[in-house]
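Chemist: Okay, structure incoming, though there's no sequence with it:
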């Protein structure tokens, strides 16, 4: 094993380094690769235990997990796998480059925060859009807002008609109407988020 790799391992986990003592499940491995591709890139080293100790890895088992993990990712990340030897033990090293587009693990993009892997937020999704994609996402937002406004106008009209009939602010029906209004607004808001998300994923 190269000295710089040993130095990296002994430095400990970070935003760009994940250490694993055993072969992870392909789902977990896919999430890790996605997080590095969507953040700053990095390396996943398998066969190392903390505090830093080389324990080795089953190469055949790791290759199967790695290939299965890649099948869970879309678009394909720029990643490479190497097997390095140290004192008779094999250590698997996956190097992942940062991707210009969100890399999703079974439809969900992940990011790296310090030594943690977590789903990408909407704001982070927007930052990954290219300049050409941003106008399209903006247009989708405008269209969604127009539809929201139309739906709200229809709902306001219906509520006013019901209020005219009820004329009882404390009646159960009036309270139900107010609740219905809130539910509709919430549903439409969810539709907007879904539209924007689908646009981002479509461009990815």
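Modeler: Done, it's in. Not measured: the values here are computed from a predicted model.

Chemist: quick one, helices of this structure?
Modeler: With DSSP state H as the criterion, the chain has helices at 3-11, 26-37, 59-71, 122-127, 133-166, 172-203.

Chemist: Which of those comes out lowest on mean pLDDT?
Modeler: Across those, helix 172-203 has the smallest mean pLDDT, namely a mean of 53.

Chemist: residues contacting residue 113?
Modeler: Residue 113 makes contacts with residue 15, as judged by C-beta atoms under 8 Å, 6 or more residues apart in numbering. Any C-beta I mention is one placed from the backbone N, CA and C, and that applies to glycine too.

Chemist: Could I get the pLDDT score of it?
Modeler: Looking at residue 113, its pLDDT stands at 92.

Chemist: what pairs with it across the strands?
Modeler: Applying DSSP bridges to residue 113 yields these beta-bridge partners: residue 116.

Chemist: separation between it and residue 84?
Modeler: Separation of residue 113 from residue 84 (C-beta to C-beta, to the nearest Å): 27 Å.

Chemist: got it, and residue 71?
Modeler: Applying C-beta to C-beta, the value for residue 71 to residue 84 is 24 Å.

Chemist: Same check on residue 65?
Modeler: 17 Å.

Chemist: If you count surrounding residues, which of these two has more?
Modeler: residue 65 (22 against 16; other C-beta atoms under 10 Å).
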